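**Q** here is a sequence together with a model predicted from it:
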Amino acid sequence: MRPERVFLFIALAAGSAFVLLTPPFGAPDEPAHFYRAWDVSEGRLRPRWVGGHGGADLPASLAELAKDLGEGVHSDARRTIEPSRIRAALGRPLEPDRRIAVDFSNTSQFPFVAYAPQAVGIALGRLAGASPLGCFYAGRFANLLAAAVLTALAIRAAPAFRWFLTLVALMPTAVFLRASLSADALTTACALWLAALVARAAFGPDGAVTVRRAAVAGASAAVLWLTKPPYGLLCLAALIVPRARWAPGARARGVAVYGAASTAAALLMFEAARHLGERVAFGGPRRFRWILRHPLAFLLTMAGDYWQYGFAYALQAVGQLGWLDTKLPTPWRVLYLLVLLGVLAVDGSPSIRVARGQRAALAALTLALMALISASQYVLTAGVQGRYFIPLAGTVPWIFHAQALAGRAPPWLLPWGTAAFSAATMAIALRAVQLRFYP
C-alpha cells in the first residue's frame, strides 16, 4: 500500500476507462490538441504561423472526424452521441495525401514538448495502419501512461505529503485530463515532479544535495518551462534549499547547472511563443499593455476574482469534466476538499521543520503564479479554470506543514482510506461522464 503504487493502479485503471468512455473530442480543446499532436507526430515541431494564426496542412480526414463526432456536443450540454457513430468512425480511412489547412492557434503558441507522448502514440497508431480515430485513442493512452508514470515518480520522491499528492493526482479532473490529449497532463506531472525534487533537496533525509541531483532538477525545470507557461516559474522554488543542505563544494556548480538549464529553457519557451503577440484579433497586446500600465488595478481585480470565485475554482479542480459541463455532485466535491484538508494536516513528517522564510518564499511564489495564471487568461481573453491550479499542489502543502500534527493518523487510515475514497470517487465520475455523453 505504498502511495505511488495505489496512485498508479487507480490512475491507470480509471484513466483507461475514461479514455474509452469519454467520446472523441469530449475534453477541453481536444480538437486543437489532436491537430497539434498529429503535426508533431509527423516531425513538424513548430507550426506554421500566418497572420497571427497557427496551424498546419493536415489530412482532411482529421478535421472531418472532429466535425462529425465533436461539433455541437461540447457546446450544448443536452447533446449526446450514439456509440454506434463512434464505432463506425473507427473504420474511416486516413487518406494521408488529401490535406487541408487546419487552424489550431491556441495550441500552437507553446513548445512541442507537452505533445510528445500523444505524438508518439499517434505515430505508433499510424505505423500500425490505424484509422484517424484509432490514432486518436492511441494518443490518449500514450498521454495517460506518460503522465501517470511521471506523477508516480513524483509521489515516490516527495519526502512527505505522499498521500496528499496521491489524492490530488486522483481528483477526477486530473484523471480525466490525463486520459485525454490535453497538454495539461504532462504539464501537471512535470510540475509535481519538480516540486518533489526541490522538497527532497530541502527537507529529505537522503543526504546532501550533489551536482548530479541539481542537474536532474535542472532538467526537470527545463522540461516544465517547455510544456506550458507560466508554470516554469516553479523553478524558483529551489530558493528554499538551505546552504547547509549542499554537499561540500557542490553548491556553486549545482546552482550554475540548475540556473543554466532553467534559463535556457525559459528563453526557448519565449522564442517559441513570440507569435503570441500577433493574436490581435483577441486584443492580446492591448490587454498586456494595460496590465503593465496599471499593475495595482490588475492585482486588485485579480484578488476580487479569487475572493468571489475561489471556492468555485476549487470545486472545478476536483471534479468538473467534459467541456466544464459535467460536474460531480457538489456535496461530494465539497467532501473531497475536506478530505484533502484533513490529509494535509496529518500527512507531513514529524522530523521535518519548515522555517518561516521557506514558508514565506513558497507563499510568495504561489501568489505570483496565481497572478500569472490570471494575467495569461486575461491577455488571451479566456476565463480562469480550476484545472489551472492543480500543478501548484506540489509546493503549496509545505506552506502549511504542521510538524505537531504530522504522523498522528492511524497507520491504516491513509492507505486504505485513500484507496477506498478514490475508488468511490472514480465510480461517481465515470457514471457522470456516461450520463452526460450517451443517451
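**A** Yep, it's here. Numbering: from 1, shown residues only.

**Q** contacts only, for residue 40.
**A** With contacts defined as Cβ atoms under 8 Å, 6 or more residues apart in numbering, residue 40 is in contact with 112, 115, 116, 118, 119. In this view, the C-beta of every residue, glycine as well, is placed from N, C-alpha and C.

**Q** correct me if wrong, but it is in a helix.
**A** Yes - looking at residue 40 with DSSP: H, G, I helix; E, B strand; the rest coil, it is inside a helix.

**Q** quick check: it vs residue 177, distance?
**A** Distance, residue 40 to residue 177, using Cβ to Cβ, to the nearest Å: 18 Å.

**Q** about what we covered before: among the contacts of residue 40, name the ones in helices.
**A** Counted as lying in helices by DSSP state H, out of the contacts of residue 40, are 116, 118, 119.

**Q** need the helix or strand of this structure with the lowest average pLDDT.
**A** strand 48-50 (a mean of 72; mean pLDDT, DSSP states H and E).

**Q** is it correct that residue 266 is in contact with residue 223?
**A** No - using Cβ atoms under 8 Å as the test, residue 266 is too far from residue 223 to be in contact (12.0 Å).

**Q** how about the strands in the stretch 301-439 of the chain?
**A** For the stretch 301-439 of the chain, the strands defined by DSSP state E, counting those that start in this stretch occupy 320-321, 326-327.

**Q** list the neighbours of the first one that are in contact with it.
**A** Read that as strand 320-321. 22, 172-173, 176, 326-328, 386-387, 429, 432-433, 436.

**Q** can you count the residues close to residue 96?
**A** 13 (other Cβ atoms under 10 Å).

**Q** typed the wrong thing, it's residue 349
**A** 19.

**Q** before we move on, back to that, from the contact counts, what lies against the helix or strand just after the least confident helix or strand of the chain?
**A** Note on strand 48-50: by DSSP states H and E, the next helix or strand toward the C-terminus is strand 53-59. Of the remaining helices and strands, those touching strand 53-59 by 3 or more Cβ pairs under 8 Å, 6 or more residues apart in numbering; DSSP states H and E are helix 30-41, strand 48-50, strand 99-103, helix 105-108.

**Q** give me the more crowded residue out of residue 266 and residue 223.
**A** residue 223 (23 against 18).

**Q** tell me who's in contact with the closest residue to residue 98 other than its chain neighbours.
**A** Nearest residue to residue 98, sequence neighbours excluded (Cβ to Cβ, 6 or more residues apart in numbering): residue 60, at 4.9 Å. Residue 60 is in contact with 95, 98, 99, 100, counting by Cβ under 8 Å, 6+ apart.

**Q** and if you look at residue 120?
**A** 41, 142.

**Q** with residue 127 as the reference, measure out to it.
**A** Applying Cβ to Cβ to residue 120 and residue 127 gives a distance of 11 Å.

**Q** likewise for residue 119?
**A** Taken as Cβ to Cβ, the span from residue 119 to residue 127 is 12 Å.

**Q** more neighbours: which of the two?
**A** Under the criterion of other Cβ under 10 Å, the comparison of residue 119 against residue 127 puts residue 119 first, with 23 against 10.

**Q** residues in contact with residue 153?
**A** 4, 193, 196.

**Q** now swap in residue 314 and tell me
**A** Neighbouring residues of residue 314 by Cβ under 8 Å, 6+ apart: 337, 386.

**Q** do that again at 6 Å, thanks
**A** Counting by Cβ atoms under 6 Å, 6 or more residues apart in numbering, residue 314 touches residue 337.

**Q** do the same with residue 194
**A** With Cβ under 6 Å, 6+ apart, residue 194 has these contacts: 220, 221, 224, 234.

**Q** kindly recompute the last result at 10 Å.
**A** 154, 217-225, 231-232, 234-235, 237-238, 262, 391, 394-395 (Cβ atoms under 10 Å, 6 or more residues apart in numbering).

**Q** next: residue 342.
**A** Per Cβ under 10 Å, 6+ apart, neighbours of residue 342: 164, 167, 409, 413, 414, 417.

**Q** what of residue 89?
**A** Contacts of residue 89 (Cβ under 10 Å, 6+ apart): 24, 61, 64, 65, 68, 69, 131, 132, 133, 134, 136.

**Q** helix or strand: which one has the fourth one?
**A** When you say that, I think you mean residue 65. Using DSSP H and E, residue 65 falls in helix 60-70.

**Q** pLDDT weak spots in the stretch 101-250 of the chain?
**A** The stretch 101-250 of the chain contains no residues with pLDDT under 70.

**Q** which stretches of it form helices?
**A** 105-108, 116-127, 132-157, 162-169, 172-178, 184-203, 211-225 (DSSP state H, counting those that start in this stretch).
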